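**Q** 3D, please:
(2 chains)
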Amino acid sequence: MKKFILQIVILVGIFFLTLFLSRKVNWMKLFQIDKITKSTEEKLGDLIWESYSSGATEITSYKIINTVDSIINKICKANDIDTSTIKIHVIEKDEINAFALPGNHLAIYSGLIKDCENADELAGVISHEIAHIQKNHVMKKLVKEIGMGALISLTTGNGNAGKAGEIIRMLSSSSYDRKLESEADITGVDYLMKAKINPEGLAQFLFRMATTEKDMPKAIYWISTHPESEERGKDIMARIRVSKKQFFKKSSNQEWNLIKKELDKE
Amino acid sequence: MQINSFSYTPSEHELEKASNSYLMSLVALIAGMPLPIINLIATFFFYVGNRKGTYFVRWHCIQALLSQLSLLFMNSFGFWWTVSIMFGTETISNKYLAYIITVFFFNIIELIATIYTAIKVRKGEHISWWFYGDITQFICKP
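**A** Numbers count the residues shown, from 1 in each chain, chains lettered A, B, ... in the order given. Below you'll find the model as predicted:
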């Protein structure tokens, strides 16, 4: 019996040793899995965006697009993010909402821009969404909710057309889990600080939303998809205090009001 | 793996049946490729069909069955991991690929050993595998 036990131990040992050695190899790189996943995400993103954009009006005003672009450029440049990979879309819609889609598409509703009191608040929301993109939260959420098989079949044309609409509804009107939201908040704040943008804007936006939430709950989609805003605002302020980089110049309200006026014209 | 002498000289008919017990697992492995349990079930039924057979046939049926059993655990885990990636919340990771490659490596070794044993047994040689042969010797009595 002792011999059998020893043989079992040796056999199991050989298996785990092989597994251990196998794990030392970067198979993901060897099989270019990341590249394949990225290409699936790109295809999926374009497919979803195509489906969504057919029923949406994109704002083309130079002033507004330029303002949003300059915020994104500033954040991306300071954080070594390739700006050209982020596809920004400003949508004419009164809902206070912004969301990331697969393939680095970032949709911002005009309602959210109008509601921001200054450029710092908008930069806060944008940096939070960029963090979701950079941390791959979008695909993580989709894989969790729908499954990789269904996503691949959608990109290969085997999925039903309604699936794209379902994905948009899911990404624009349901929340990420708390862990991913906190990660996006913290990363977003770090992005802002590196870009020398006042990160208190994001916290202020969350605090304001938390107080007005009760009055008009249906219009504030960004808050309903990003719950526990007050607590998160406090976490953000704590992060700013810890970083000891709290002295940022606040953006000009006068300039921001001109942007809002431009939006009203649209 | 070693060639041992058996307690008696098996007849031609016995050699064929014993060799078939290994081939059974191979045929079933190809037929039910994605389901790791199919080859085990096939080998088990082959054993049940021959449990009243001669000592030599029973011995090799049991060795074939036991060798399939240990692979079942490895393959099942890999199979359900793959299912959870395809239809569940898991994502492809280096951990997953390393596991699948390890399991594939063990399956290949077992496949080669099975083909080799089936050929040798058919030629009348009594092949006893390391560990599996010892357990078979312990379980299977004349």
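**Q** what ranges do the strands span in chain B?
**A** B:2-4, B:126-128 (DSSP state E).
**Q** Show me what the last one pairs with in its sheet, parallel or antiparallel.
**A** So the one you mean is strand B:126-128. strand B:2-4 (antiparallel) (DSSP bridges).
**Q** Only C-alpha atoms, please: export the strand or helix carrying A:Ala131 in CSV.
**A** Per DSSP states H and E: A:Ala131 is located in helix A:119-134. The C-alpha atoms that make up helix A:119-134 are tabulated as CSV, following Å, rounded to 0.1, in the frame of the first residue of the first chain:
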residue,chain,number,x,y,z
ALA,A,119,-14.9,71.8,-17.4
ASP,A,120,-13.4,70.0,-14.3
GLU,A,121,-16.6,68.1,-13.7
LEU,A,122,-16.8,67.0,-17.3
ALA,A,123,-13.1,66.0,-17.2
GLY,A,124,-13.9,64.0,-14.0
VAL,A,125,-16.6,62.0,-15.7
ILE,A,126,-14.6,61.5,-18.8
SER,A,127,-11.5,60.3,-16.9
HIS,A,128,-13.7,57.9,-15.0
GLU,A,129,-15.0,56.5,-18.3
ILE,A,130,-11.5,56.4,-19.8
ALA,A,131,-10.5,54.4,-16.7
HIS,A,132,-13.3,51.9,-17.5
ILE,A,133,-11.9,51.6,-21.1
GLN,A,134,-8.2,51.3,-20.0
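**Q** now for that helix, which elements pack on it?
**A** helix A:62-78, strand A:98-101, strand A:105-109, helix A:110-115, helix A:178-194, helix A:200-212, helix A:253-265 (3 or more C-beta pairs under 8 Å, 6 or more residues apart in numbering or on different chains; DSSP states H and E). Every C-beta, even on glycine, is put in place using the N, C-alpha and C of the backbone.
**Q** Run through who's touching the shortest one.
**A** Around strand A:98-101, the neighbours that count as contacts under C-beta atoms under 8 Å, 6 or more residues apart in numbering or on different chains are A:45, A:48-49, A:52, A:106-109, A:112, A:125-126, A:129-130, A:132-133, A:137-138, A:167-168, A:171-172, A:222, A:225.
**Q** Check the last one too.
**A** Residues outside helix A:253-265 that contact it (C-beta under 8 Å, 6+ apart) are A:59, A:61, A:63-64, A:67, A:110, A:113-114, A:116-119.
**Q** Could you tell me which of those count as buried?
**A** A:59, A:64, A:67, A:110, A:113, A:116-119 (16 or more other C-beta atoms under 10 Å in any protein chain shown).
**Q** Please produce CSV containing these, extended by pLDDT.
**A** Formatted as CSV, the buried ones among the contacts of helix A:253-265 follow (pLDDT from 0 to 100):
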residue, pLDDT
A:Ile59, 85
A:Ile64, 86
A:Thr67, 87
A:Ser110, 89
A:Ile113, 89
A:Cys116, 88
A:Glu117, 86
A:Asn118, 86
A:Ala119, 87
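**Q** Give me the residue ranges of the stretch 151-266 of chain A where confidence is low.
**A** Along the stretch 151-266 of chain A, the parts satisfying pLDDT under 70 run over A:157-162, A:173-174, A:212-228, A:244-252, A:265-266.
**Q** and chain A, which of its residues are near chain B?
**A** Contact residues, chain A versus chain B (C-beta under 8 Å from any C-beta of the partner chain): A:3-4, A:7-8, A:10-11, A:15, A:18-19, A:22-23, A:25-28, A:31, A:33, A:37, A:140, A:143-144, A:147-150.
**Q** Just tell me which of the helices and strands packed on helix A:119-134 ends up closest to B:Gln68.
**A** Proximity to B:Gln68 (C-beta to C-beta) singles out helix A:178-194 among the helices and strands packed on helix A:119-134, at 41.9 Å.
**Q** so what pLDDT did the closest residue to A:Leu112 other than its chain neighbours get?
**A** Closest residue to A:Leu112 apart from its sequence neighbours, by C-beta to C-beta, 6 or more residues apart in numbering or on different chains: A:Ile96 at 4.8 Å. Note on A:Ile96: pLDDT of 86.
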